[in-house]
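Asks: the sequence and its predicted three-dimensional model are supplied below.
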Amino acid sequence: MASNDEFFQRPQAAAVLKHGVLRRYSTVFATMAGTRTGRVVYFDAFAGQGRYDDGSPGSPLLAMRTAATTAGWGRQVECLFAEADPAKAALLGSALAAEAPEGFRYQVWPGDAATHVDRALGVAGNDPMLTFLDPFGTALDYSSLTDKLLRRPSSSPTEVLLNLNLEMVSRIGGILDSGAPRPHDAKTLARLDAFFGDQWWRQVFSDSRGDRGPGSAAQAAQAVAAEFVRRVKAATGFGYFGVPVRRRPGHHPLFLLILFTRVPVAPWRFNDAVSQANADWREHCWRQDLDRTISELSAEPDLFGEWTAQHAQESEHEAWLRQQRELEQQWQDDIGRNLVALAAAKGPDRLLHHVRAVYGTCLGSAREKHVRAAWDARAAAGELAPRDKSVKHLEQAVLALPQA
């Protein structure tokens with residue numbers, strides 16, 4: 001069975017995070033970007049079959065739900081789905097035909113994603129366009145990303161959400177240690193060259209591996225990703241926001257989910273989506289661990305096995321909730337220190353352009369509610385001027401030290 005077929009059996013923990021971000025942020029993008037004309041185009045270039053084998057929705061059905069939700073707010077989301085595998089494209093078409101609500105506009109295009117980029121741009125015209133690139137291997141070639149998708153005029157709201165496979169970069173980068181690559185390996189390296197735009201990544205990967213110890217390939221892949229987004233920004237002017245996607249807490253990232261945007265407010269909205277998706281992911285991982293524990297206890301051959309399992313579930317849930325409260329308090333404390341330092345360094349200033357300075361190491365974990373709580377706590381302690389609570393959007397609020 002091919003790895004991508006195994007993937008479609010059921011969503012893994014990493015997919016919980018990825019899809020949690022996608023379903024939340026696609027709704028945000030449609031709402032914000034569709035203000036002018038009401039029409040928004042969503043292009044899923046590696047759409048898959050629409051559902052996992054256990055019935056869970058994949059990215060196309062999540063997009064369909066976004067379209068249904070935002071239709072009530074005066075937005076028309078037109079979805080374009082490309083899928084290279086004809087069999088999966090047919091399954092996707094069947095799933096959408098069976099479940100699409102009345103008025104939902106979509107097209108399913110069999111064939112390689114690269115052959116459909118110009119077609120998608122033509123359908124979008126000058127209207128807002130969000131592109132989701134989530135391949136099993138390499139995504140579109142570099143020029144399709146930088147010279148086409150990210151080359152639309154500034155009057156046409158444009159964002160790209162790219163799921164960069166760090167594990168793949170680690171694996172392919174390891175070929176570089178083998179000396180003269182075999183013909184098959186040379187083709188594999190060439191595909192990554194096309195994705196990154198040149199062979200520059202090979203040197204970055206090799207230089208970043210250090211002593212070749214455990215985890216060095218994963219670290220080298222992250223160094224390559226950092227240089228990649230820097231190059232995309234230099235070529236296009238698009239800023240970026242990267243979210244590490246892990247299989248389990250404490251593991252090296254499997255993917256880097258990257259938003260390319262040129263809208264200053266987008267990182268604030270995206271971070272909130274990421275924070276909520278991370279909460280989903282943490283709970284998913286916890287429940288997996290709990291299910292294993294309960295299964296083991298329930299199998300105990302004694303009279304108290306069932307009672308012990310139930311007691312363990314209640315105890316673990318209490319511990320989980322306590323841990324989450326402690327996490328949120330730690331985020332609030334860290335953000336409070338960041339706010340005081342930012343106010344001292346910048347003087348009175350809106351938060352808009354300081355999302356990374358505000359969140360610091362909490363970026364992607366905490367969200368705006370934690371910033372508000374941190375600001376209010378520091379203001380009560382006399383370390384910050386009080387927050388203007390009449391300002392609807394937090395990033396527009398002016399941060400300042402208290403007046404002498």
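Replies: Yep, that arrived.

Asks: go ahead and flag the most central residue of this protein.
Replies: L257 (4.0 Å; C-alpha atoms, centre = their mean).

Asks: show the contacting residues for the nearest residue to T27 once chain neighbours are set aside.
Replies: Excluding the flanking residues, the one nearest T27 by C-beta to C-beta, 6 or more residues apart in numbering is T66, at 5.0 Å. From N, CA and C alone the C-beta is placed, and that goes for glycine too. By C-beta atoms under 8 Å, 6 or more residues apart in numbering, the contact set of T66 is R23, S26, T27, A30, Y42, V77.

Asks: so which of those sit within strands?
Replies: Y42, V77 (DSSP state E).

Asks: now the contacts of T66 as JSON lines including neighbour count, pLDDT and distance to P402?
Replies: Below are the contacts of T66 laid out as JSON lines (neighbours: other C-beta atoms under 10 Å; pLDDT from 0 to 100; distance: C-beta to C-beta, whole Å):
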{"residue": "R23", "neighbour count": "19", "pLDDT": "93", "distance to P402": "41"}
{"residue": "S26", "neighbour count": "28", "pLDDT": "96", "distance to P402": "40"}
{"residue": "T27", "neighbour count": "22", "pLDDT": "96", "distance to P402": "38"}
{"residue": "A30", "neighbour count": "27", "pLDDT": "96", "distance to P402": "40"}
{"residue": "Y42", "neighbour count": "26", "pLDDT": "97", "distance to P402": "46"}
{"residue": "V77", "neighbour count": "27", "pLDDT": "96", "distance to P402": "45"}
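
Asks: alpha carbons only: can I get the helix or strand containing W201 in PDB?
Replies: Assigned by DSSP states H and E, W201 belongs to helix 200-208. Only the C-alpha atoms of helix 200-208 are listed here, as PDB (Å, rounded to 0.1, in the frame of the first residue of the first chain):
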ATOM      1  CA  TRP A 200      21.100  26.400  -2.900                       C
ATOM      2  CA  TRP A 201      19.200  24.200  -0.400                       C
ATOM      3  CA  ARG A 202      21.800  21.500  -0.700                       C
ATOM      4  CA  GLN A 203      24.600  23.600   0.700                       C
ATOM      5  CA  VAL A 204      22.300  25.000   3.500                       C
ATOM      6  CA  PHE A 205      21.300  21.500   4.400                       C
ATOM      7  CA  SER A 206      24.900  20.100   4.500                       C
ATOM      8  CA  ASP A 207      26.200  23.200   6.400                       C
ATOM      9  CA  SER A 208      23.400  22.900   9.000                       C
END
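
Asks: quick one, strands of the stretch 1-150 of the chain?
Replies: 39-44, 76-83, 105-110, 129-133 (DSSP state E, counting those that start in this stretch).

Asks: wait, I meant the stretch 301-404 of the chain
Replies: 349-350, 398-399.

Asks: please identify the pairing partners of the first one and their relative orientation?
Replies: When you say that, I think you mean strand 349-350. strand 398-399 (antiparallel) (DSSP bridges).

Asks: can you tell me what sits against the strand it pairs with?
Replies: L339, L342, A343, K346, P348, D349, R350, L351, W375, L384, A385, D388.

Asks: could you pick out the buried ones from these?
Replies: By neighbour count, with 16 or more other C-beta atoms under 10 Å, the contacts of strand 398-399 hold L339, L342, A343, R350, L351, W375, L384, A385 as buried.

Asks: who's in contact with the nearest residue in space to the second one that is not next to it in sequence?
Replies: Right, the one you point to is L342. Spatial nearest neighbour of L342, chain neighbours left out: A357 (5.1 Å); criterion: C-beta to C-beta, 6+ apart. Residues in contact with A357 (C-beta under 8 Å, 6+ apart) are N338, A341, L342.

Asks: sitting in helices, which of the residues you listed do you find?
Replies: N338, A341, L342 (DSSP state H).

Asks: helices and strands of this protein: which one bottoms out on pLDDT?
Replies: When the helices and strands of the chain are scored by mean pLDDT, DSSP states H and E, helix 3-7 comes last with a mean of 43.

Asks: stretch 46-56: which residues count as buried?
Replies: F46, A47, G48, Q49, G50, R51, Y52.

Asks: pretty sure A63 is touching V77, no?
Replies: Yes: using C-beta atoms under 8 Å, A63 is in contact with V77, at 7.3 Å.

Asks: does the residue nearest to the centre of the chain really touch V160, like I thought?
Replies: No: with contact defined as C-beta under 8 Å, L257 does not reach V160; the gap is 11.3 Å.

Asks: next, give phi and psi for R212.
Replies: phi 60, psi 30 (degrees, to the nearest 10).

Asks: residues near it, how many?
Replies: 11 (other C-beta atoms under 10 Å).

Asks: what about the closest residue to it other than its chain neighbours, distance to F205?
Replies: Spatial nearest neighbour of R212, excluding adjacent residues (C-beta to C-beta, 6+ apart): D177 at 7.5 Å. Distance of D177 to F205, given as C-beta to C-beta, to the nearest Å: 10 Å.

Asks: repeat for A89
Replies: 34 Å.

Asks: of those two, who's got more company?
Replies: Between A89 and F205, counting by other C-beta under 10 Å, F205 is the more crowded of the two (24 against 21).

Asks: wouldn't the more buried one be in contact with A218 here?
Replies: No: counting by C-beta under 8 Å, F205 does not reach A218; the two are 11.1 Å apart.

Asks: partners of L162 in the sheet?
Replies: L133, I258.

Asks: what sits against it?
Replies: Taking C-beta under 8 Å, 6+ apart as the test, what L162 contacts is L133, D134, A139, L145, L257, I258, F260.
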